[in-house]
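**Student:** Starting from these lines, generate the structure:
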Amino acid sequence: MKDSKFLRALNLQANSKPPVWFMRQAGRYLPEYQKVRKNFSNFLDMCKQPKICAELALQPIDRFGLDASILFSDILTIPDALNLGLAFHEGGGPKFSNPISSPQEIKKLMPFDVNNLGYVFKAVEETKNLLPKDIPLIGFCGSPWTLAAYSIEGGGSKDFKKTKNFMISHPEELQEFLEILSHACYEYLKQQVLSGVNALQIFDSWADLLSATELERFSLKYTRMLAHLLKKDPITADIPIILFEKSPNKKMVDILFKEITCASLYWQEDIQSIAKDFEGQYAIQGNLDPKVLLRSDELIWAETQKICNIMKKYPGFIFNLGHGITPDIEPSKVQVMIDATRQ
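**Tutor:** Numbers count the residues shown, from 1 in each chain. The predicted structure is shown next:
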């Protein structure tokens with residue numbers, strides 16, 4: 001896959017035009033996705049159909065000619081495999097019927113068995129079979145902290161009050177759970193690599209819940225543990241790792257570490273400033289505000305080219321959104337963004 005612009009960028013090699021893909025590129029904003037989705041009342045049931053996942057992963061590749069594909073799955077597959085009773089029903093977010101409510105429930109957790117997630121690895125294989133040979137596939141997981149936050153809260157939340165209270169009342173038990181999740185993420189990502197993914201992304205989707213001190217203690221410590229496990233394993237040692245931190249209360253220059261290949265920047269980050277700190281060390285992915293895609297074609301073009309012009313001499317730049325694409329965005333607006341990166 002030596003002709004992949006995406007993999008070249010991860011290797012800090014220059015491209016004449018930046019590779020482009022975007023977070024949640026397969027999903028609710030696409031009419032072809034909606035046609036498939038209406039056949040399933042529970043989103044997770046759809047995620048457990050490998051051929052369907054491969055079809056969904058290919059939809060944005062077929063429509064837009066993007067430079068990378070990402071596995072169609074969900075970040076909460078690991079808590080589901082730990083028997084926390086995950087379900088997604090129409091019109092609602094994730095809900096756990098057996099959330100972690102006490103330290104004793106961490107002690108009683110069933111051991112993580114990666115084979116319980118065989119449907120994900122089959123989805124990788126099915127997707128690789130359908131993808132053009134020069135398009136790499138990105139595998140992913142939620143960060144240990146993000147998985148813990150959902151598992152304790154019992155679903156999504158505006159303030160994650162239950163999780164924060166658990167963190168204050170039971171910090172040692174929370175760290176025990178985070179260590180369990182770190183090893184589970186390692187096994188999970190390793191098997192994705194064995195199944196055929198070409199790069200990995202870790203989503204720290206709830207980094208913004210934590211102060212700088214808490215971020216270090218409850219999130220970054222375990223992300224580092226996960227990355228270290230991957231890099232010391234011969235099977236995963238050479239696989240690039242991308243890290244996405246959502247609005248962290250810490251500078252990116254103080255967050256990244258040697259095992260990380262690429263910083264995927266939240267839309268509020270100053271990409272120009274970060275590029276000065278990271279040049280020659282890390283690839284950078286980002287970071288258009290998805291809300292820009294709700295505006296005029298002219299503004300989308302201007303804001304996209306603004307980022308591309310800032311980064312045009314940066315070896316290792318990948319154009320992406322600074323967060324996942326939202327369901328209210330028209331595919332035609334996405335095409336304007338892509339055309340602007342390739343101008």
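
**Student:** Which parts of the chain are strands?
**Tutor:** 69-70, 86-88, 94-96, 137-142, 199-204, 241-245, 262-264, 283-288, 317-321 (DSSP state E).

**Student:** what residue ranges in the stretch 51-200 of the chain score low on pLDDT?
**Tutor:** Residue ranges of the stretch 51-200 of the chain with pLDDT under 70: 89-91.

**Student:** can you pull out the helices in it?
**Tutor:** Listed in chain order, the helices of the stretch 51-200 of the chain (DSSP state H, counting those that start in this stretch) span 77-81, 103-107, 118-130, 144-153, 161-169, 171-195.

**Student:** Between those helices, which one is closest to residue 52.
**Tutor:** Closest to residue 52 of these, according to C-beta to C-beta: helix 118-130, at 8.5 Å. All C-beta atoms are positioned from the backbone trio N, CA, C, and that covers glycine.

**Student:** Go through that closest one and flag the buried ones.
**Tutor:** Of the residues in helix 118-130, those buried under the neighbour-count criterion (16 or more other C-beta atoms under 10 Å) are 120-124, 126-128.

**Student:** Equivalent analysis for stretch 228-245, please.
**Tutor:** For stretch 228-245, the neighbour count (16+ other C-beta under 10 Å) marks 229-230, 236, 239-245 as buried.

**Student:** Contacts only, for the residue positioned nearest the centre of the chain.
**Tutor:** The C-alpha lying nearest the average C-alpha coordinate of the chain belongs to residue 203 (C-alpha atoms, centre = their mean; 4.1 Å). Taking C-beta atoms under 8 Å, 6 or more residues apart in numbering as the criterion, residue 203 is in contact with 75, 140-143, 146, 244, 246.

**Student:** Report the beta-bridge partners for the nearest residue to residue 75 once chain neighbours are set aside.
**Tutor:** Spatial nearest neighbour of residue 75, excluding adjacent residues (C-beta to C-beta, 6 or more residues apart in numbering): residue 142 at 3.4 Å. When assigned by DSSP bridges, residue 142 has beta-bridge partners residue 203.

**Student:** Looks like residue 142 contacts residue 73 (just checking).
**Tutor:** No. Between residue 142 and residue 73 there is no contact under C-beta atoms under 8 Å: 10.6 Å.

**Student:** Which residues are in contact with the residue nearest to residue 75?
**Tutor:** Neighbouring residues of residue 142 by C-beta under 8 Å, 6+ apart: 75-76, 78, 150, 185, 202-205.

**Student:** do residue 154 as well
**Tutor:** Shown in contact with residue 154 (C-beta under 8 Å, 6+ apart): 95-96, 99, 162.

**Student:** same deal with residue 58?
**Tutor:** By C-beta under 8 Å, 6+ apart, the contact list for residue 58 reads 69, 127, 130-131.

**Student:** how many other residues sit next to residue 268?
**Tutor:** Neighbourhood size, residue 268 [other C-beta atoms under 10 Å]: 12.

**Student:** Skipping its backbone neighbours, what lies nearest it in space?
**Tutor:** In space, residue 268 is closest to residue 247, 5.9 Å off (C-beta to C-beta, 6+ apart).

**Student:** what's the answer for residue 318, then?
**Tutor:** Distances taken as C-beta to C-beta, 6+ apart put residue 285 closest to residue 318, at 4.2 Å, once the chain neighbours are dropped.

**Student:** Quick one: residues contacting the one you found.
**Tutor:** Taking C-beta under 8 Å, 6+ apart as the test, what residue 285 contacts is 242, 262-265, 317-320.

**Student:** quick one: which of those residues has the most company?
**Tutor:** Across these, neighbour numbers were computed from other C-beta under 10 Å; residue 263 holds the maximum, 28 neighbours.

**Student:** hang on, isn't it packed against residue 281?
**Tutor:** No. Taking contacts as C-beta under 8 Å, residue 263 lies outside contact range of residue 281: 9.6 Å.

**Student:** quick one on the thing from earlier: so which of the helices of the stretch 51-200 of the chain comes closest to residue 3?
**Tutor:** helix 118-130 (16.6 Å).

**Student:** what residues does the closest one touch?
**Tutor:** Applying C-beta under 8 Å, 6+ apart, the set of residues contacting helix 118-130 is 47-51, 53-55, 57-58, 69, 71-73, 77, 137, 139, 188, 191-192, 194-197.

**Student:** picking up where we left off before, just give me the closest of the buried residues of helix 118-130 to residue 85.
**Tutor:** residue 120 (18.2 Å).

**Student:** how far away is the closest one from residue 246?
**Tutor:** Separation of residue 120 from residue 246 (C-beta to C-beta, to the nearest Å) stands at 23 Å.

**Student:** next one: residue 146
**Tutor:** Using C-beta to C-beta, we find residue 146 at a distance of 9 Å from residue 246.

**Student:** Same question for residue 187.
**Tutor:** 24 Å.

**Student:** The two: who's more crowded?
**Tutor:** residue 246 (19 against 16).

**Student:** ok, that one touching residue 266?
**Tutor:** Yes. Between residue 246 and residue 266 there is a contact at 5.4 Å, judged by C-beta under 8 Å.

**Student:** hey, what's in contact with both of these two?
**Tutor:** Taking C-beta under 8 Å, 6+ apart as the contact rule, residue 246 and residue 266 both touch residue 323.
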